[in-house]
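Student: Please work out how this folds:
(2 chains)
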There are 2 protein chains.
Amino acid sequence: MTRTVALALLHHPVVDRQGEVVTSAITNLDLHDIARSAFTYGLDRFYAVHPIEAQRELALCIKSHWVEGSGARRIPDRQRALSRLEVVDSLDRAIAELEPPVELWATSAAAGPGRLGYAEARARARQGQGTVLLVFGTGWGLAPSVIDRSNQVLEPIRSPRSDGYNHLSVRAAAAIILDRLFGHEG
Amino acid sequence: MTRTVALALLHHPVVDRQGEVVTSAITNLDLHDIARSAFTYGLDRFYAVHPIEAQRELALCIKSHWVEGSGARRIPDRQRALSRLEVVDSLDRAIAELEPPVELWATSAAAGPGRLGYAEARARARQGQGTVLLVFGTGWGLAPSVIDRSNQVLEPIRSPRSDGYNHLSVRAAAAIILDRLFGHEG
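Tutor: Numbering: from 1, shown residues only, chains lettered A, B, ... in the order given. So this is what the prediction gives:
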C-alpha cells in the first residue's frame, strides 16, 4: 500500500508579519519552484490555493504558458512539472479532490508541542492508504486555524545559528522539507 | 580551527540549455532566497557574481533597498540576510576577498567521477583553515571551466523518481544543499 502525497500552497488563510489573517498574492516563482521541487521528489499533485478568482486565473495563465504555450516547446522539462499544478479556491476543495482519508501535515517555522520529526515523517509519509497533504503557507505562514485542524505539524527547520534565525522563503522551505522526506543522498 | 564558508552564485560562465557558455541575467528572487538560506545556515558571505556592470548595479540596488532603504525598516530580518550579500565581477574577485586557502566546491545536477558525497562534505566543510566557497550556477548550470578548476564537485541531488527527473531551481538546490551540509533535524 502506498499513500498519495500532495502539496498545497495556501494564500489564505495565512498571517502577515503582525500575525493578522490575510490573503497573499500569487508569486510567479512560487509556482515554478514548488512545482519543480514537488515533481523532482515524486509528489503526485501540487495545489495552489487562492480564494480570489482573478488570482486563480493568473495562476492558470502561468500554468498554461508552460504546459501548452510557447514555454512548453522551449523547456519541455518544465512542462512536466507544471502539468501537476492544480489551482483551487480553498484547502477543502483540494482535500475533496484527493483520495481519502486525507491527512493534513502542516508546516510552520514556529516550534510547538507534538511536532512531527523528520525521521518519523519520512517513515510514515508513503505508508498506508489515502493521502498525505503537505500544507505550506505564503506570507508569514499558515493561520492558526489551519495548524489547529491539521493531523500533524512538522518540526520547524532549525538554524544552526546561535540566534536561531530562520527566515527561509517558502520556496526554500518546501525544497528542504521535500528533500528531508523523500530525498536520498545516493 | 573553523573554516569560513561562503557561497557564490555565478551568472557567467554558465551554460544555456544547449550547453553553450553564456551570461545569464540577475533574478531578483535568487538574491533574496539564497541570501536568506545562506544566513539561516550560518554562512559567512554570499557573492552574486556578474561580469556586466549594469547587472551588478541592479544587484546592489536590490541590496540597498533591503539593507538601507524602506525594506530595512519594514522587514528587519531580511536586512540581516541581505547585508551579507557582496556583488563582484568574477569568481576570482570573490576568491581574492576570502581568507586563503580557498577551496572551490562546485555544484552540478550532472553525475560524474569523484563527486563529493554529503556525509563527507558535511564532516569536512568547517574543518581546517581558510575558506570553502560553494559555487552555484544560474541558467543550466556552471560552465565546464568552473567544474574543471574546482577542488571538489558535490554529488547531484538525486530524484527518487525512476526517470531521474531533477530540474530544481537554483534557489531550491542551494537550500537543499545548505540543509544537507549544515542543517540539523533537532
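Student: does any part of the helix ranked longest in chain A sit near chain B?
Tutor: Taking DSSP state H as the criterion, chain A has its longest helix at helix A:53-67. No - Helix A:53-67 lies apart from chain B when judged by C-beta under 8 Å from any C-beta of the partner chain; the minimum separation is 11.9 Å. For glycine as for every other residue, the C-beta is placed from the backbone atoms N, C-alpha and C.
Student: My guess is A:L154 contacts A:A111. True?
Tutor: No - A:L154 lies out of contact with A:A111 (C-beta atoms under 8 Å); the separation is 11.3 Å.
Student: show me where pLDDT drops low in chain A?
Tutor: Counting by pLDDT under 70, the ranges of chain A that qualify are A:185-186.
Student: Could you pull out the helices in it for me?
Tutor: A:28-40, A:53-67, A:70-74, A:76-82, A:91-97, A:118-124, A:144-149, A:170-182.
Student: tilt between the last one and helix B:170-182?
Tutor: Right, helix A:170-182. Angle of helix A:170-182 versus helix B:170-182, following axes from the mean of the first three to the mean of the last three C-alpha atoms, to 10 degrees, is 50 degrees.
Student: chain center to helix A:170-182, what's the gap?
Tutor: 9 Å (C-alpha atoms, centre = their mean, to the nearest Å).
Student: And for the first one?
Tutor: Computed by C-alpha atoms, centre = their mean, the chain-centroid distance of helix A:28-40 equals 9 Å.
Student: repeat for the longest one
Tutor: Helix A:53-67 has its average C-alpha position 17 Å from the chain's average C-alpha position, going by C-alpha atoms, centre = their mean.
Student: same thing with the fourth one?
Tutor: Distance, stretch centre to chain centre, for helix A:76-82: 18 Å (C-alpha atoms, centre = their mean).
Student: what does that helix contact?
Tutor: For helix A:76-82, the external contacting residues (C-beta atoms under 8 Å, 6 or more residues apart in numbering or on different chains) are A:31-32, A:35-36, A:38-40, A:62-63, A:66-67, A:71-72, B:165, B:167.
Student: how about it: buried residues?
Tutor: Of the residues in helix A:76-82, A:78-82 count as buried by neighbour count, 16 or more other C-beta atoms under 10 Å in any protein chain shown.
Student: hang on, the earlier thing: can you pick out the residue with more neighbours from A:L154 and A:A111?
Tutor: A:L154 (23 against 12; other C-beta atoms under 10 Å in any protein chain shown).
Student: ok, back up a step: generate CSV for the buried residues of helix A:76-82, with distance to B:I177 as supplementary columns.
Tutor: Formatted as CSV, the buried residues of helix A:76-82 follow (distance: C-beta to C-beta, whole Å):
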residue, distance to B:I177
A:R78, 21
A:Q79, 26
A:R80, 23
A:A81, 20
A:L82, 24
